[in-house]
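Engineer: Just a sequence and a predicted model for now, questions to come.
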Amino acid sequence: MTLSRTVTGKHYAALLFETGQDAPERLQDLDASSVVGLDMGLSHLAIDSSGRKTANPRFLKQAQKNLKRKQQVKNMMKNARLARHIGDASWHALIAKLAYKAEEKGKHLVKLDPRFPSSKTCHACHHKMDAMLLNVRLWACPACHTRHDRDINAALNIKHQGIVQLKAAGLSVSVQ
């Protein structure tokens, strides 16, 4: 048993025990309709490829006193403007939990290169914009004129790229 206390003062107990169940087998064949693309954001914590948006719980904002002591993270956290918001979204913790749950259920979790241009590539015609400011939330593709919600478009591109990587890994993915 592991006891822990959060920065907001809540206590949790984690128990680890054997259930006697066998671990699920890894899936070999996938149906593309069962694949979900997931984009992480700051205004919404997660946006899936079906258009569902999950609100950002903003845990750090609720625990502002402890922010300076807790804020020792790397890479994107070096950006002074985004650091507090990224820490507040807890992307790393969410991805770790997704990876754990996916493995537990015998599902595949594909992580894409953070530099993959998911937001500024049109999911309909694959035209890539040269640049796009972060405050641009809605945009129209200059090639095919499709209008996009930036986050939903990114989730659709992430889903497609995840399927491409699964196929490259030798898994059969049926597209309907």
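Structural biologist: Everything's here; your move.
Engineer: Return the residues in contact with the closest residue to residue 37 other than its chain neighbours.
Structural biologist: Leaving aside its sequence neighbours, residue 37 sits nearest to residue 159 (C-beta to C-beta, 6 or more residues apart in numbering; 2.6 Å). Just so you know, the C-beta spots here come from the backbone N, C-alpha and C atoms, and that holds for glycine as well. Residues in contact with residue 159 (C-beta atoms under 8 Å, 6 or more residues apart in numbering) are 35, 36, 37, 49.
Engineer: what about the second one, how many neighbours?
Structural biologist: Looking back up the chat, that one is residue 36. Counted with other C-beta atoms under 10 Å, the neighbours of residue 36 add up to 14.
Engineer: residues near the nearest residue to it once chain neighbours are set aside, how many?
Structural biologist: Of all residues not flanking residue 36 in the chain, residue 48 sits nearest, at 5.3 Å (C-beta to C-beta, 6+ apart). By the measure other C-beta under 10 Å, the count of residues near residue 48 is 18.
Engineer: Hmm, residue 48 is touching residue 37, no?
Structural biologist: Yes. Judged on C-beta atoms under 8 Å, residue 48 makes contact with residue 37 at a distance of 6.6 Å.
Engineer: any shared contact partners between these two?
Structural biologist: Common neighbours of residue 48 and residue 37 (C-beta under 8 Å, 6+ apart) are residue 155.
Engineer: give me the low-pLDDT residue ranges for the protein?
Structural biologist: Within the chain, the ranges that satisfy pLDDT under 70 run 26-28, 60, 62-72, 74-81, 84, 87-89, 175-176.
Engineer: can you give me the strands for the chain?
Structural biologist: Taking DSSP state E to define them, one finds strands in the chain at 2-5, 11-14, 29-31, 38-40, 44-48, 53-55, 138-140, 147-149, 172-174.
Engineer: distance of the residue nearest to residue 37 from residue 106?
Structural biologist: The spacing between residue 159 and residue 106, counted by C-beta to C-beta, to the nearest Å, is 19 Å.
Engineer: next one: residue 145
Structural biologist: Taking C-beta to C-beta, one finds residue 145 at 41 Å from residue 106.
Engineer: same thing with residue 116?
Structural biologist: From residue 116 to residue 106 the distance is 26 Å (C-beta to C-beta).
Engineer: repeat for residue 133
Structural biologist: 41 Å.
Engineer: Of those two, give the one with the bigger neighbour count.
Structural biologist: Each of residue 133 and residue 106 has its neighbours counted (other C-beta under 10 Å); residue 106 has more, 11 against 5.
Engineer: what does stretch 113-121 contact?
Structural biologist: Here stretch 113-121 makes contact (C-beta under 8 Å, 6+ apart) with 39, 112, 127-129, 131-132, 150-151, 153-155, 157-158, 161.
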